[in-house]
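Colleague: Here is my input; please provide its structure:
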Amino acid sequence: PKLVRQDIALFSSILSGVFPGSEVRDFTDKILSEKILELCEKMNFVPAKSWIAKTMQLHQIQQIHHGVMMVGPTGNGKSSSCEILLKAMEHVDGVKGRAYYIDPKAISKDELYGKLDHTTLEWRDGVFTYILRQILNNVRGESQMRHWIVFDGDVDPEWAENLNSVLDDNKLLTLPSGERLSIPDNVRIMFEVEHLKYATLATVSRCGMVWFSEDTVPIENMLSRYLLLLEHEGRKSNRELRKQCVEILKPSFARGALVLQCLNRALELWHCMEVTPGRLLTSWFTYLKRGVCLVEEYNENHIDFPLSLDRMRTYMERWNLMSIMWGFGASMNYENRKALSAYVCKSTTIEIPSFASDEESLLDFTVSLRDDCRWTKWSEQVPTVVLESRQVLSTNIVIPTIDTVRHRSALRAWLAEHKPLILCGPPGSGKT
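Modeller: Numbers count the residues shown, from 1 in each chain. Modelled structure (predicted):
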């Protein structure tokens, strides 16, 4: 489970050399595997064989160790594997499972483990000790349940060293107050971490480990899941409308089609922060979902004259181009956005606007349902501001520009889907 893909074949050849004639068989639990696949279908996941194998490995490791580390880059199925495995085990053996997620880097060490007031000698539990004490108190039948306490963040010695006695065979957490809490057999301490740069050997050696490589969840499977989410999310009354939108967008999601071509190009360009395919796809899909919601809102407000299929096709295809531009290019500077824009125009068969000069690009255009799904210039949407003489020296006046208008539109699309944002740029660039 902890080997990288390149070493698996080497390890197998070494085993066959040391033990000639032996056969290494993969662990299989047919009932559990079927339940995992059933839950994946129910939760709109598209599982790859590699992800299923990692989930089964996680099941094996958590049976052997009460401390488990899931290591791998963000967006490679660690959280979903943990969530689905816990539910699948509950369906198979009937033992109810519950997961507790803690971000150890978001709180202090005292808030995590608890604090002793040296004046009053009063002990106050932290997040981890509170959860553990609730399990030990067994007020609601916790002893008959399966508990996974998941630390989602870097394994930093500053807080992780305190868990060494919990992770070894002693299974004891000693508090500064002198109290000792024993870890029950139905509790697992899980770690979701991208790397082990800051972890000590003392912590790592006490845990079982499962490595989730970058190809555990193929990008094609992620795109297939986005289509399922696009179709099944929202109100049931709009299900048919969403299904039509999915059918329109599906060709661009295929292997080697527009979305994957532009994603590969975007990964080659400069970004203001470390870029991963998962982050770019999330930004793009959030913007795309906003377009589907705008179609729903339009039809609800125009019950007598809803969008025809041809207009819907025109709008969704053009909105997809905008989603690619702002989903993949939002963290780029202007020059790289223009490079991505040129690549999108070259790669697509969808009608693009005619540019008046070489300086213009797809960045200068938008598509709106109010304008009959036509390409319109952002400059036409910049409001005119008339200032009175007494307002000239005011510091609260904001003069709209093309940049502020189109950035505001992108921000509204992400905020409407309740996605967190990072506004990155030098002082005085208009973030506030």
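
Colleague: neighbours of residue 289, just the number please.
Modeller: Neighbours of residue 289 under the rule other CB atoms under 10 Å: 23. In this view, the C-beta of every residue, glycine as well, is placed from N, C-alpha and C.

Colleague: For the nearest residue to it once chain neighbours are set aside, which residues are in contact?
Modeller: Counting by CB to CB, 6 or more residues apart in numbering, the nearest residue to residue 289 once its immediate chain neighbours are dropped is residue 417, at 5.7 Å. Neighbour list for residue 417: 286, 289-290 [criterion: CB atoms under 8 Å, 6 or more residues apart in numbering].

Colleague: Of the residues you listed, which is the nearest to residue 111?
Modeller: Each of the contacts of residue 417 was checked against residue 111 using CB to CB; the closest is residue 286, at 31.4 Å.

Colleague: just to revisit the earlier point, columns distance to residue 368 on top of the contacts of residue 417, output as CSV?
Modeller: Converted to CSV, these look like this (distance: CB to CB, whole Å):
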residue, distance to residue 368
286, 19
289, 17
290, 13
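
Colleague: out of those, which are inside helices?
Modeller: Under the assignment DSSP state H, those contribute 286, 289-290 to helices.

Colleague: CSV for those residues, including pLDDT?
Modeller: Listed next are the ones in helices among the contacts of residue 417 as CSV, based on pLDDT from 0 to 100:
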residue, pLDDT
286, 93
289, 93
290, 92
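
Colleague: if we take the residues you listed, which one ends up nearest to residue 160?
Modeller: Checking those against residue 160 by CB to CB gives residue 286 as the nearest, at 33.2 Å.

Colleague: Hmm, residue 293 and that closest one touching each other?
Modeller: No: Residue 286 is beyond contact range of residue 293, at 10.8 Å (criterion: CB atoms under 8 Å).

Colleague: more neighbours, those two?
Modeller: residue 286 (19 against 16).

Colleague: Spit out the contact partners of the more buried one.
Modeller: 327, 413-414, 417, 419.

Colleague: cool, residue 241 as well?
Modeller: 295-296, 299 are the contacts of residue 241 under CB under 8 Å, 6+ apart.

Colleague: where's it, which helix or strand?
Modeller: helix 239-253 (DSSP states H and E).

Colleague: hmm, who's touching the one helix or strand residue 151 maps to?
Modeller: Using DSSP H and E, residue 151 falls within strand 146-152. By CB under 8 Å, 6+ apart, the list of residues contacting strand 146-152 from outside reads 79, 82, 86, 89-90, 95-104, 128, 131-132, 135, 160, 184, 186-192.

Colleague: The closest residue in space to residue 291 that isn't next to it in sequence: helix or strand, and which one exactly?
Modeller: The shortest distance from residue 291 to any non-neighbouring residue, by CB to CB, 6+ apart, is to residue 319 (3.7 Å). For residue 319, the element it lies in under DSSP H and E is helix 309-329.

Colleague: so how far is that helix off the chain centroid?
Modeller: 22 Å (CA atoms, centre = their mean, to the nearest Å).

Colleague: next SSE after that helix?
Modeller: Following helix 309-329 in sequence order, the next helix or strand is helix 334-347 (DSSP H and E).

Colleague: Just the mean pLDDT for that following helix, thanks.
Modeller: Helix 334-347 carries an average pLDDT of 94.

Colleague: so residue 329 makes contact with residue 342?
Modeller: No: using CB under 8 Å, residue 329 makes no contact with residue 342, being 11.4 Å away.

Colleague: okay, these two: which has more neighbours?
Modeller: For residue 329 versus residue 342, the count of surrounding residues by other CB under 10 Å is larger for residue 329: 27 against 13.

Colleague: which ones are touching residue 88?
Modeller: So residue 88 contacts 32, 35-36, 39 (CB under 8 Å, 6+ apart).

Colleague: if I look at it, how far off is residue 28?
Modeller: Here residue 88 is placed at a distance of 14 Å from residue 28 (CB to CB, to the nearest Å).

Colleague: Next: residue 116.
Modeller: The value you get for residue 116 to residue 28, if CB to CB is used, is 50 Å.

Colleague: Comparing those two, which residue is more hemmed in?
Modeller: Neighbour tally, residue 116 and residue 28, criterion other CB under 10 Å: the higher count belongs to residue 116, 16 against 9.

Colleague: Pretty sure that one sits against residue 176.
Modeller: Yes: with contacts counted by CB under 8 Å, residue 116 reaches residue 176, the gap being 4.8 Å.
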